[in-house]
Every structure is written in structure tokens, then in C-alpha cells.
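Asker: Provide a 3D model corresponding to the input given below.
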Amino acid sequence: MSGRGADAATAFLDTFLPLFVAVDVVGIAPIFFALTRGLGANERRRVLRGSVIVAAAVSLGFALVGRVVFRTLGITVADFQIAGGLILFALAALDLLAREPRPTVELGDVGAVPLGVPLIAGPAVITTTIVLVDLHGALLTTAALLANLAICWAVLAQVTVVERLIGRSGARAVSKVVSLLLAAIAVRYIRQGLAG
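Answerer: Predicted coordinates:
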């Protein structure tokens, strides 16, 4: 590999890896599984497609104009974290207190909230994207972001395999545990926002 090719590969990795950590597809997978339980395979695919498209649009939008939007509206990253945390906490509480098992994500919203935002395109992804545009430019950051979202899509598309393995009862038990974890993540977002 030529020196220029090696430099390009290193720059891509320097952009890709922070976004990979920020997206945290391994952490999102059980939440996606819990939130979409009870949906059919086609409906789940539609939710996944919608959530990734929304996450891509929001992330790319913030990559291009994020600093301007925050500055114009007087919003900080801490404000964004608190808002995202409140949304997640409300959804987790609704699921934990529900008597009847039901999908938390309705088909009509195609996973825009909370899957697209703030789970996939959360405060960490948006902040990382804005910083990386400054460091490596919009083109490289966009390529790294789209690569990460493609990986996210591929991993979440395999969630039905897990559902078949653990069965319906196992899925209900897992969903309650995940809702509790989702509430804890929400509290962390809020705590980080207040500290920031």
C-alpha cells in the first residue's frame, strides 16, 4: 500500500472507530429486540429500515449544520442529553408498568423515536460526528458514519434469530430486563447532561 493509501486508511479508521464506539450496536441490539417484540418479520424490517434512515438523516444533518443549530437555538450537548434521557425514561417506564405484553414501538412511527433518535443517533453519535467533521472533514466523516450505520443495520436484522432461540416467554422476560436497563441508560444521559 502506498504512503497516501496508508494515510487514507488510517484517517478512515481514526474516524470510523470513535463512531463505532458511539453507535454501540451491541448495546442497541437487545433494546431493539425488546422494543419490537410482537411485531411480525415484515413490520420489524420496516421499523429497522425507518430507524436507520432517521438516524442517518439526523446524524448527517448535525454533521453539516450541528454547530450552527446549537449556537442559534442556544442548545448545548448537555441539553440534548437531558432531553434524550427523558424520552428514553418515559418509554422504559411505560413498558415496565404495562400489564399486557405489547410492542413499545408502534408501526406508524417506523422506529423514529426512540430507535432512530436517541438510541442509534444519540448524544454520543451527534457530538462525535460534529467533532470529527472539524478534525477530518465532512466527506470522511460521512463515509465512516454510513459504514457504521450499515453495520448497525446488518446486526439488528439478525435479532429475529435470537427470538427464535429463546421463544416467546424468554422474549418477554428479556424485554422487562432490557426496559430496566433502558431506564438506567436514560438516567445516565440525564446525569451526564446535568453534570455537563
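Asker: distance of Leu94 from Asn42?
Answerer: From Leu94 across to Asn42, the span is 25 Å (CB to CB, to the nearest Å). (C-beta placed from N, C-alpha, C; glycine too.)
Asker: after the strand or helix carrying Ala9, next one along is what?
Answerer: Counting by DSSP states H and E, the element that carries Ala9 is helix 3-23. Once helix 3-23 ends, the next helix or strand along the chain (criterion: DSSP H and E) is helix 25-35.
Asker: pull the distance from that next one to the chain's centre.
Answerer: Here helix 25-35 is found 9 Å from its chain centre; the criterion is CA atoms, centre = their mean, to the nearest Å.
Asker: how about the spatially most central residue of the chain: what's its closest non-neighbour residue?
Answerer: Centroid-nearest residue in the chain, with CA atoms, centre = their mean: Ile120, separated by 1.0 Å. In this structure, Ile120 finds its nearest non-sequential neighbour in Ala55, 3.7 Å apart by CB to CB, 6 or more residues apart in numbering.
Asker: likewise for Phe32?
Answerer: Among residues not flanking Phe32 along the chain, Leu156 sits closest, at 5.1 Å (CB to CB, 6+ apart).
Asker: pLDDT at that neighbour, what is it?
Answerer: The model reports Leu156 with a pLDDT of 92.
Asker: and it, how many neighbours?
Answerer: When counting by other CB atoms under 10 Å, one arrives at 25 neighbours for Leu156.
Asker: quick one, what contacts it?
Answerer: Listed by CB atoms under 8 Å, 6 or more residues apart in numbering, the contact partners of Leu156 are Val25, Ile28, Ala29, Phe32, Leu48, Val52.
Asker: also Thr10?
Answerer: For Thr10, no residue meets the contact criterion (CB under 8 Å, 6+ apart).
Asker: mind checking how far it is from Asp134?
Answerer: Distance of Thr10 to Asp134, given as CB to CB: 18 Å.
Asker: now Trp153
Answerer: Counting by CB to CB, the gap from Trp153 to Asp134 is 27 Å.
Asker: repeat for Leu39
Answerer: According to CB to CB, Leu39 stands 39 Å off from Asp134.
Asker: more neighbours: which of the two?
Answerer: Leu39 (19 against 10).
Asker: now the more buried one, what's its secondary structure?
Answerer: Classification of Leu39 using DSSP: H, G, I helix; E, B strand; the rest coil returns coil.
Asker: tell me which element Asn42 is part of?
Answerer: Going by DSSP H and E, Asn42 is in helix 41-73.
Asker: and Leu94 and Asn42? Which one has more around it.
Answerer: Neighbours were counted for Leu94 and for Asn42 using other CB under 10 Å; Leu94 has more, 12 against 9.
Asker: pLDDT at the closest residue to Val155 other than its chain neighbours, what is it?
Answerer: Nearest residue to Val155, sequence neighbours excluded (CB to CB, 6+ apart): Val25, at 4.9 Å. Here, the pLDDT recorded for Val25 equals 86.
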